[in-house]
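**Student:** attaching a predicted model along with its sequence, questions to come.
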Amino acid sequence: MNDALCLQYVKTTTKMLMLPLEDAQAARVAMHLQRTAAMVSLLDSAGLDVHDELAEIYCPAPFPAADPTIVSAGLSV
């Protein structure tokens, strides 16, 4: 996406979301958006597999009533 299209996207989106944004602010948002897109492009081209991801997969904590450690510790929920 080039500079003009990115700026147009930011301005259109802010109007749709009814966010008050001045032209200078929109230009800065567009600049950061393009920088983020460039980083994404670099990551996409790195050819990493799922097992290369170091971050843990999100696993929500068990519901308190289903957690045996809460019951055995005598804690009330």
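**Tutor:** That came through fine.
**Student:** use CA for all of it now, contacts and neighbours both
**Tutor:** OK.
**Student:** so for the lengthiest helix in the chain, what's the average pLDDT?
**Tutor:** Longest helix in the chain, counting residues (DSSP state H): helix 23-44. For helix 23-44, mean pLDDT is 93.
**Student:** which parts of that helix are buried?
**Tutor:** By neighbour count on 16 or more other Cα atoms under 10 Å, the buried set for helix 23-44 is A26, A27, V29, A30, M31, Q34.
**Student:** now do that helix: which elements does it pack against?
**Tutor:** helix 3-16 (3 or more Cα pairs under 8 Å, 6 or more residues apart in numbering; DSSP states H and E).
**Student:** tell me the centre residue of this structure?
**Tutor:** Compute the mean C-alpha point of the chain, and by Cα atoms, centre = their mean the closest residue is T36, 10.8 Å away.
**Student:** V29 and L21, how far apart?
**Tutor:** 10 Å (Cα to Cα, to the nearest Å).
**Student:** no wait, D49
**Tutor:** Relative to L21, D49 is positioned 39 Å away (Cα to Cα).
**Student:** do A27 as well
**Tutor:** Relative to L21, and taking Cα to Cα, A27 is found at 10 Å.
**Student:** same check on D3?
**Tutor:** Taken as Cα to Cα, the span from D3 to L21 is 18 Å.
**Student:** repeat that for M31.
**Tutor:** From M31 to L21 the distance is 14 Å (Cα to Cα).
**Student:** A24 and C6: what is the separation?
**Tutor:** In terms of Cα to Cα, A24 sits 14 Å off from C6.
**Student:** with L33 instead?
**Tutor:** 8 Å.
**Student:** repeat that for L21.
**Tutor:** 15 Å.
**Student:** give me the more crowded residue out of those two.
**Tutor:** C6 (18 against 14; other Cα atoms under 10 Å).
**Student:** now do the same contact list for that one.
**Tutor:** Contact analysis of C6 by Cα atoms under 8 Å, 6 or more residues apart in numbering lists A30, L33, Q34.
**Student:** turn those into CSV, including distance to E56.
**Tutor:** Shown next, in CSV, are these (distance: Cα to Cα, whole Å):
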residue, distance to E56
A30, 31
L33, 26
Q34, 28
